[in-house]
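Trainee: 3D, please:
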Amino acid sequence: QVRLVESGGGLVQAGGSLRLSCAASGRTVSWNTMGWFRQAPGKEREFVAAISFNGGITDYSDSVRGRFTISRDNAKNTIFLQMNSLKPEDTADYYCNADAESFGTPIRGRYEPDYWGQGTQVTVSS
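Mentor: Okay, here's the model as predicted:
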């Protein structure tokens, strides 16, 4: 079993930046695709970004591409989401997740994570 704990959320003004972190414990996730989803109030949960086991492949939703960057540090069993040029519409709970199988595909629509964190809240004020 993998436990995921997010941190780094908070309140920021539009145009600002935040960096989310997600620490995994229980077992190594060095061979697993990982990613981020988000859910805004009153909306369905949506894909944000995903990264392959070695960081060589990443994918982003159209709404964040060019502003957000996903990365990972396998030595620390941690992934990150650098969020720049934040907009009020980025306000949501952000969830870290991981695929249970090794070497999964980090592509939106094909990435179906099995493990989820509790989420961290991001609020962007206008």
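Trainee: switch to C-alpha atoms for all contacts and neighbour counts from now on
Mentor: OK.
Trainee: hey, which strand is longest across the protein?
Mentor: strand 92-102 (DSSP state E).
Trainee: Pick out the residue closest to the middle of this structure.
Mentor: Geometric centre of the chain, nearest residue: residue 36, 2.4 Å, by C-alpha atoms, centre = their mean.
Trainee: does it count as helix, strand or coil?
Mentor: strand (DSSP: H, G, I helix; E, B strand; the rest coil).
Trainee: quick one: it from residue 86, how far?
Mentor: Distance, residue 36 to residue 86, using C-alpha to C-alpha, to the nearest Å: 16 Å.
Trainee: Same check on residue 126?
Mentor: 10 Å.
Trainee: Show me the common contact partners of these two, please.
Mentor: In terms of C-alpha atoms under 8 Å, 6 or more residues apart in numbering, residue 126 and residue 86 are both contacted by the residues 13-14.
Trainee: Point out where the protein drops to low pLDDT.
Mentor: Within the chain, no range satisfies pLDDT under 70.
Trainee: Spell out the residue ranges of the strands in it.
Mentor: 3-7, 10-13, 18-25, 32-39, 46-51, 58-60, 68-73, 78-83, 92-102, 115-116, 120-125.
Trainee: Now render those as a markdown table, adding distance to residue 109.
Mentor: Converted to a markdown table, those look like this (distance: least, C-alpha to C-alpha, whole Å):
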| stretch | distance to residue 109 |
| --- | --- |
| strand 3-7 | 22 |
| strand 10-13 | 28 |
| strand 18-25 | 22 |
| strand 32-39 | 12 |
| strand 46-51 | 8 |
| strand 58-60 | 10 |
| strand 68-73 | 17 |
| strand 78-83 | 19 |
| strand 92-102 | 13 |
| strand 115-116 | 17 |
| strand 120-125 | 23 |
